[in-house]
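Visitor: Sequence below, structure please.
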Amino acid sequence: MKSPVVKRSIVIAGHKTSVSLEDAFWDALKEIAGQRRLTLSDLVATIDSGRNQGNLSSAIRLFVLDYYRGTANAARGHSMGERVGAGSATVA
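Guide: Below is the predicted model of the structure:
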């Protein structure tokens, strides 16, 4: 099965570069940028400046993965806290 990787150009700190990502990662990146009230270029520039190694496409994929893992962990912690709180209330 062919991977739907799309190569797009983006301007980072005044320099044009190409990034190859699957559509799902582009969509997620746009969503995160919107939530943070950043342009896509500004978010990618932040990711680019924080990476230690590897290519930019990999750094973006890892950023998106970490973002959604953090969101899932926060949601799990919040719902567990509600259950613990509810359980404590019935015991008291």
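Visitor: Helices of this structure, start to end?
Guide: Secondary structure of the chain, counting by DSSP state H: helices at 23-35, 40-50, 56-91.
Visitor: And these: which comes nearest Val11?
Guide: helix 40-50 (5.4 Å; Cβ to Cβ). C-beta here means a position set from N, CA and C on the backbone, and glycine is covered the same way.
Visitor: counting contacts, what elements does the closest one pack onto?
Guide: strand 5-12, helix 23-35, helix 56-91 (3 or more Cβ pairs under 8 Å, 6 or more residues apart in numbering; DSSP states H and E).
Visitor: follow-up on the earlier one: closest one to Ala13 among the helices of the chain?
Guide: Minimum separation from Ala13 across those (Cβ to Cβ) falls at helix 40-50, 5.4 Å.
Visitor: And the closest one, what's buried?
Guide: Leu40, Leu43, Val44, Ala45, Ile47, Asp48 (16 or more other Cβ atoms under 10 Å).
Visitor: circling back to that earlier point, now the helices of the chain in JSON lines, with distance to Val5 and mean pLDDT?
Guide: Output for the helices of the chain, formatted as JSON lines (distance: least, Cβ to Cβ, whole Å; pLDDT from 0 to 100):
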{"stretch": "helix 23-35", "distance to Val5": "9", "mean pLDDT": "96"}
{"stretch": "helix 40-50", "distance to Val5": "16", "mean pLDDT": "94"}
{"stretch": "helix 56-91", "distance to Val5": "9", "mean pLDDT": "74"}
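Visitor: I'd like to know which of the buried residues of helix 40-50 is nearest to Ile10.
Guide: Val44 (5.7 Å).
Visitor: quick one: the closest one from Ala75, how far?
Guide: Noted for Val44: a distance of 26 Å to Ala75, by Cβ to Cβ, to the nearest Å.
Visitor: and if you look at Gln53?
Guide: For Gln53 relative to Ala75 (Cβ to Cβ), the value is 31 Å.
Visitor: Grab the nearest non-local neighbour of the most centrally placed residue in the chain.
Guide: Centroid-nearest residue in the chain: Val64, 2.5 Å away (criterion: Cα atoms, centre = their mean). Nearest non-adjacent residue to Val64, counting by Cβ to Cβ, 6 or more residues apart in numbering: Ala28, 4.7 Å away.
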